[in-house]
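1. generate a structure from the sequence data that follows.
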Amino acid sequence: PCVVFTNGRYDEMRSTASSFVTRWRGDDVNVVIPDLPMVTFNTAVAEDGACVAVTDATDAGTMFLVSAVNVSDQAVITPRHRVSIGAGASLTLIEIARGIGSYLHSPVVEILLGKGAVLRHYRLQDDAPAAVHVTTVVVTIAEDASYQSFTLNCGARLSRNETHVSMIGSGGDVHLNAAQLLSGAQLGDVTTVIAHEAPHCASRQTVKSILAGSARGVFQGRIEVARGAQKTDGYQMNQT
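-> Numbers count the residues shown, from 1 in each chain. I've put the predicted structure just below:
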């Protein structure tokens, strides 16, 4: 299945149907969203998005989520996506952002993983050279669930890929990996916050950047460990 949004709007002609996907309508919020400026902005202006819901004990295979932008002047693209993976279910989600023109692309992705669920989330940020890209991903992980993420950041003149993870159940596992390929005057920012709220959880973060010209790469990573989150295993590495 491939779900396509053109200039921030669902593109029915270019999308393929899936029993797991419906349109986002702005209701039934199921994830605690942090109080962040760009999330507040998205909440105020978002009009369209995808709602992916995989039922318990279902292997949903692989799905593409594509954002295509083609604008001739300044535009604001603010899709809102929600992904819910039921207990014991799994999904591979490949997210692609590409465009032409000068615009702000600021999606928000809400993710909720049930007990023992697995989500493999691969993202390509290849927006137009004149664009600004700001993504916020918010993930809530239940007991024994696993979130595996990789972001390739190579587009836009200014980009920020921000991920907030809350591990609320014991035995959770998170991998947040990213690579940045930047040149010219590009600035790429990878920001992560992982909150270990339950015991016996593990998190891994690896960010690698290749920079040319006067490009700048940023990695900001934070691991928060609650008082009761015994046996926490957290690791970060940044190489440039």
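
2. by mean pLDDT, flag the weakest helix or strand of this structure.
-> Least confident helix or strand of the chain, by mean pLDDT, DSSP states H and E, is helix 37-45 with a mean of 87.

3. right, and the helix or strand after it?
-> Once the chain leaves helix 37-45, the next helix or strand it forms, by DSSP states H and E, is strand 50-54.

4. tell me which residue lies nearest the centroid of this structure.
-> V137 (3.9 Å; C-alpha atoms, centre = their mean).

5. quick check: which element contains that one?
-> Using DSSP H and E, V137 maps to strand 132-141.

6. show the average pLDDT along that strand.
-> Averaged across strand 132-141, pLDDT comes to 96.

7. helix 37-45 and that one, what's the angle between them?
-> Using axes from the mean of the first three to the mean of the last three C-alpha atoms, to 10 degrees, the inter-axis angle of strand 132-141 relative to helix 37-45 is 90 degrees.

8. the closest residue in space to G234 that isn't next to it in sequence: what's it in contact with?
-> Distance criterion C-beta to C-beta, 6 or more residues apart in numbering; nearest residue to G234, sequence neighbours excluded, is I223 at 4.3 Å. (C-beta placed from N, C-alpha, C; glycine too.) Contacts for I223 (C-beta atoms under 8 Å, 6 or more residues apart in numbering) come out as I194, H196, S203, G234, Q236.

9. could these go into a markdown table alongside secondary structure, pLDDT and distance to A87?
-> Output for these, formatted as a markdown table (DSSP: H, G, I helix; E, B strand; the rest coil; pLDDT from 0 to 100; distance: C-beta to C-beta, whole Å):
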| residue | secondary structure | pLDDT | distance to A87 |
| --- | --- | --- | --- |
| I194 | strand | 96 | 22 |
| H196 | strand | 97 | 21 |
| S203 | strand | 96 | 21 |
| G234 | strand | 92 | 25 |
| Q236 | strand | 94 | 29 |
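
10. now the residues you listed in CSV, with distance to N70?
-> Compiled in CSV, these are given as follows (distance: C-beta to C-beta, whole Å):
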residue, distance to N70
I194, 36
H196, 42
S203, 38
G234, 41
Q236, 37
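
11. and the furthest pair within these?
-> H196 and Q236 (13.0 Å; C-beta to C-beta).

12. out of the two, which sits in the busier spot?
-> H196 (26 against 16; other C-beta atoms under 10 Å).

13. for that one, what are its contacts?
-> M167, S203, I223, E224, V225, A226, A229, T232, G234.

14. ditto for V118
-> Per C-beta under 8 Å, 6+ apart, neighbours of V118: I85, A89, S90, L91, A145, S146, Q148.

15. let's go with 7 Å and repeat that
-> The contact partners of V118, taken as C-beta atoms under 7 Å, 6 or more residues apart in numbering, are S90, S146.

16. and if you look at A57?
-> A87, G88, A89.

17. which phi and psi does it have?
-> phi 60, psi 40 (degrees, to the nearest 10).

18. from S159, how far off is it?
-> 37 Å (C-beta to C-beta, to the nearest Å).

19. without its sequence neighbours, what residue ends up closest to G61?
-> Nearest to G61 is T92, by C-beta to C-beta, 6+ apart, at 6.9 Å.

20. so that neighbour is in contact with T62, correct?
-> Yes: counting by C-beta atoms under 7 Å, T92 touches T62, with 4.3 Å between them.

21. in terms of neighbours, single out the busier of these two.
-> T92 (16 against 12).

22. hmm, back to that, show me what the strand holding V137 is packed against.
-> helix 37-45, strand 108-113, strand 158-167 (3 or more C-beta pairs under 7 Å, 6 or more residues apart in numbering; DSSP states H and E).

23. ok, now which ones touch R123?
-> E95, T151.

24. many thanks, have a good one.
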